[in-house]
Structure formats: structure tokens, C-alpha cells
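Colleague: build the 3D model from these lines:
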Amino acid sequence: MSALTPLSDRTIAARMAGVVVLAAPAVVLRLTGTHPSPVPGMILFGAGVLGAAVLLMWAAETARRDMSGALALALLALIAVLPEYAVDLYYAYAAGSKPEYAAYAAANMTGANRLLVGVGWALVVLAFTLGSRHIARKRGVPPEERREVRPVLLRRHHRIELGFLAVAAVIAFIPALVGEIGWYVALALIFLYVLYVVRIARSPDEDEEEPVGVAAALSALPTEARRVTTAVLFLLGAVVIFACAEPFAESLVNAGSSLGIDRFLLVQWLAPLASEAPELIVAVVFAWRLRDADAMGALLSSKVNQWTLLIGTLPFAYQLGGGSWSLPLDSRQTEEVLLTAAQTVLGLAVLVDLVFRRREAVMLFALFVVQFVLPWHGARLFLSAVYLAAGFTILFLKKDDLLAALRTVVQPADARPDDGGGGGDGSSGNGNGKGKGKGNADRSAE
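Modeller: Numbers count the residues shown, from 1 in each chain. Below is the predicted model:
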């Protein structure tokens, strides 16, 4: 890993103050029982959710100093997206007494997953490409002597996430076929997530990611001060989420009517954008600094926990709110779940060989964007077919890599020394697959 320039005390203080400014108004409104009108409420409580997400991200990154191994990364990736869980579980809980809220629970879940794959993954490739070129210019390498930027590479241990994502992708088609997220699907997905955590815990320890920004400064504190700071950040993040989740969720729904915007779309895209923005920003920073495997590893772990544990907890929140043991889906929600499951298949296909090429990132982003411009009824079904056709074709061509990933579900991951991706043999990635991911990135920019 390359040495990173530490932030000055003034910069750290400014960033922390910025988070306080984001979160404090929402907490004050909640404590005083003030109920702003829908649009201001959406903005203020949405800022609170964003602030809480930043606090939890700092806490999770700092806590890694006192934890080790891939298990820590998986658990902390879950903590980082707790704001997303809080909002979505509120909608599912409220749907027990307000049946129309079932649509919002499905909307928030599908939006979060599609935003992560269609935008988040593509942003990593873009940031890595721009970062590589920036390093080349900074080193004074003439344009005619610069080598083509290699693809983004994952590490061999990421096959664990890919294997479990493959199994979850199959299970997640069941709700689209039966029109509900049934208790049996929920149990299967929760069990799969627990098995994933157990498998991750048994995998060989990998090189620990270096935190960036404020988390890097907090990680450098003395042990006792660091642990206290981490606990305080977790506590503050939890308090802010508890204060903001319900009013933010309700403000989103009511703001749709005030603004003349489809409530479903507002809940589907704005809520996940607020709750997942910090995680996406950290991944982009990793990629810009040529830590592509770290960036994709964080987002891939988040995808696994959202496509297993998040879906699995929705029916139980619905039941606690007064509903049945299965969360019902109407025709639109069924199509949304199908489209998200189909996108997951294509996302799995492009990553399963541990090489993420620029053309694949462009394809994912283009298919994400086109959903907003297709005008006719049934566009979601058409896009689902496109995703599935492309995904299954690529998976057939990479069937050996898929089998290698699936084997990690039933047996420990390969413990051989990590080669930085490229399917494990250095044969992919324009011949630059050998060596650790960071070293590859440095050479790719020369």
C-alpha cells in the first residue's frame, strides 16, 4: 500500500463539523416533536440519514484497526449500510397496518440494489481509470509511452462473495415467480447470509485495507482513545438513525404528492442515495488511489448482505407490524424484483472471473440508465430479458470461474497466495494480473 498524506487537524475538524451540521437539525426536530411540511422534512431528515451513514462509516472503518480478517470486512460492510436497513424495515413494519407501504418496502430494497450495481460498480471503474491516468501524468510519463489502463481486478478471496451471490441470485427469483417475499424465502436468505459469515470467518486473512480520510486519522489514535471514539461514533450514528428513519420515510411518501412525483420512484431512488452515498464515496476514493480490489470488495460485500439479509428481514418486520408472515408484492413490485434479480445475474457474470472491464462497466451503467427512458408498458420485463440474456451468455463463457466461485460455498476458499485477481492465474487483465492489486495499479499507470 502506498503512503497516504494524513489530513490536517483543521480538515478533520471541518469534516466532523459538517456531519454535525447535516445531522443536528433532524435530531432537534425529532426531540422537539416538530413536524415540518413534507418537502422540507424530506430534505432535513434525509440529511440526518446521510449524516448517520457517515458516522457509521467512520466508526466501521476505525473499528477495523481492532479487528482482522475478511469476517471484519463483512460485518463492517453490514454496519455501513444500517441506514438503508432502518428505512426499509420501517416501510415493511408500517405495511402491517398500512398495506400500501408494502410497495415502498419493495421499492427501497430494489432501488438500493440496482443503484449499487448499476452506478456504484461503474463508478469504481471510472475512478480507477481516471486515477491511473492521473498518476501517469503526475509522474511525467509522455502520452505516447503510457500503457493502456488495465481492468479493475478482484482478489481470489472475493470468490466467496461471488459464490454466495450466485446462490442468492437463484433464490431471489422465487418472490418474482410467486408474488410475495415468503417466510420460506426469508429463512433461506438469512441462513445463506449466516453461512456466508461463517465461511468468511474461515477464510485466510488478507492484507488489511488502510482507512482513508477521517477514519485514517481516528485509527492512528492511541488504543483506548480509538476504542472510545469508535463506540461514541456508533452510538451517535444509531441515535441519529433512530431519530430520522421514520420521519424521513414518511416525508418521502408525502413529498411525492406535494411535488407531483410518483411516490414509488421517490422512495426507490432518493432514500437509497442518501443512505448509501458515504459507502459509494469511500469506494470511489479507494479506486482513485488505485486500490481497486478494496473498492470492489467493499461494494460486493454490501451487495451480498443486501441481497440476502435485507430481503430476508422484510417479511419479519411486516409480521411484527401486524401483517402476515409473507410480504405481498403487486404486479409492479413483482416486475421490479424480477428486474433487480436479473441485474444481479449480469453483475455476477461480469465479476465472476475476478476481472471487471471498462466495457462491462459501461454496459451495467447503460442498462441502469435506460430504464428511465423506456416509455412503454412492460419495459421492466423487456429489460429483465436483456439482463438475463446477457448474463447467462457471459456465465456460460465463464462457467469454469462460476464453478470455482460456487465451490467456495461448500468448502473453504483457496488458501494459496493471493495473485490480485485475473481468475487466479494472472492470465487476465491485459497480462497485468500478477502481484498485489495495488502494485498492479501502479504499473498500469506507467
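
Colleague: who touches the residue lying closest to Glu180 once chain neighbours are set aside in this structure?
Modeller: Nearest residue to Glu180 in three dimensions, chain neighbours excluded: Ser326, at 4.5 Å (C-beta to C-beta, 6 or more residues apart in numbering). Using the backbone N, CA and C atoms, a C-beta is placed for each residue, glycine as well. For Ser326, the contacting residues are 180-183, 315, 318, by C-beta atoms under 8 Å, 6 or more residues apart in numbering.

Colleague: can you give me the helices for the stretch 101-250 of the chain?
Modeller: Using DSSP state H, counting those that start in this stretch, the helices of the stretch 101-250 of the chain run over 101-115, 121-138, 159-171, 173-178, 183-202, 214-219, 223-259.

Colleague: now these in CSV, with mean neighbour count and distance to Leu402?
Modeller: Listed next are those as CSV, based on neighbours: other C-beta atoms under 10 Å; distance: least, C-beta to C-beta, whole Å:
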stretch, mean neighbour count, distance to Leu402
helix 101-115, 26, 20
helix 121-138, 20, 18
helix 159-171, 23, 7
helix 173-178, 18, 17
helix 183-202, 18, 17
helix 214-219, 20, 35
helix 223-259, 19, 37
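
Colleague: let me know which of those helices is the nearest to Glu360.
Modeller: helix 121-138 (8.1 Å; C-beta to C-beta).

Colleague: what packs against the closest one?
Modeller: Counting contacts by 3 or more C-beta pairs under 8 Å, 6 or more residues apart in numbering; DSSP states H and E, helix 121-138 packs against strand 152-153, helix 263-288, helix 292-305, strand 355-356, helix 358-370, helix 437-444.

Colleague: His35 reaches Gly41, doesn't it?
Modeller: Yes. Using C-beta atoms under 8 Å, His35 is in contact with Gly41, at 7.2 Å.

Colleague: overlap in contacts, those two.
Modeller: 29, 247.

Colleague: the two: which is more packed in?
Modeller: Gly41 (21 against 12; other C-beta atoms under 10 Å).

Colleague: skip the chain neighbours and tell me the closest residue to the more buried one.
Modeller: Using C-beta to C-beta, 6+ apart, the closest residue to Gly41 is Ser251 (3.7 Å).

Colleague: wait, that neighbour touches Phe45, no?
Modeller: Yes. If you go by C-beta under 8 Å, Ser251 and Phe45 touch, sitting 5.7 Å apart.

Colleague: okay, the helices of the stretch 101-250 of the chain in JSON lines with distance to Ala298 next?
Modeller: Compiled in JSON lines, the helices of the stretch 101-250 of the chain are given as follows (distance: least, C-beta to C-beta, whole Å):
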{"stretch": "helix 101-115", "distance to Ala298": "15"}
{"stretch": "helix 121-138", "distance to Ala298": "9"}
{"stretch": "helix 159-171", "distance to Ala298": "10"}
{"stretch": "helix 173-178", "distance to Ala298": "26"}
{"stretch": "helix 183-202", "distance to Ala298": "13"}
{"stretch": "helix 214-219", "distance to Ala298": "12"}
{"stretch": "helix 223-259", "distance to Ala298": "18"}
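
Colleague: could you list the low-confidence segments of this protein?
Modeller: 1-7, 67-77, 144-146, 204-210, 375, 412-446 (pLDDT under 70).

Colleague: which of the contacts of Ser326 sits closest to Val370?
Modeller: The closest of the contacts of Ser326, once distances to Val370 are taken by C-beta to C-beta, is Ile181, at 26.5 Å.

Colleague: got a list of what the closest one touches?
Modeller: 106, 175, 311, 314-315, 326-327, 329, 337.

Colleague: then Leu130?
Modeller: Taking C-beta under 8 Å, 6+ apart, one finds Trp288 in contact with Leu130.

Colleague: how far away is it from Arg380?
Modeller: As defined by C-beta to C-beta, to the nearest Å, Leu130 lies at a distance of 32 Å from Arg380.

Colleague: now Ala103
Modeller: 14 Å.
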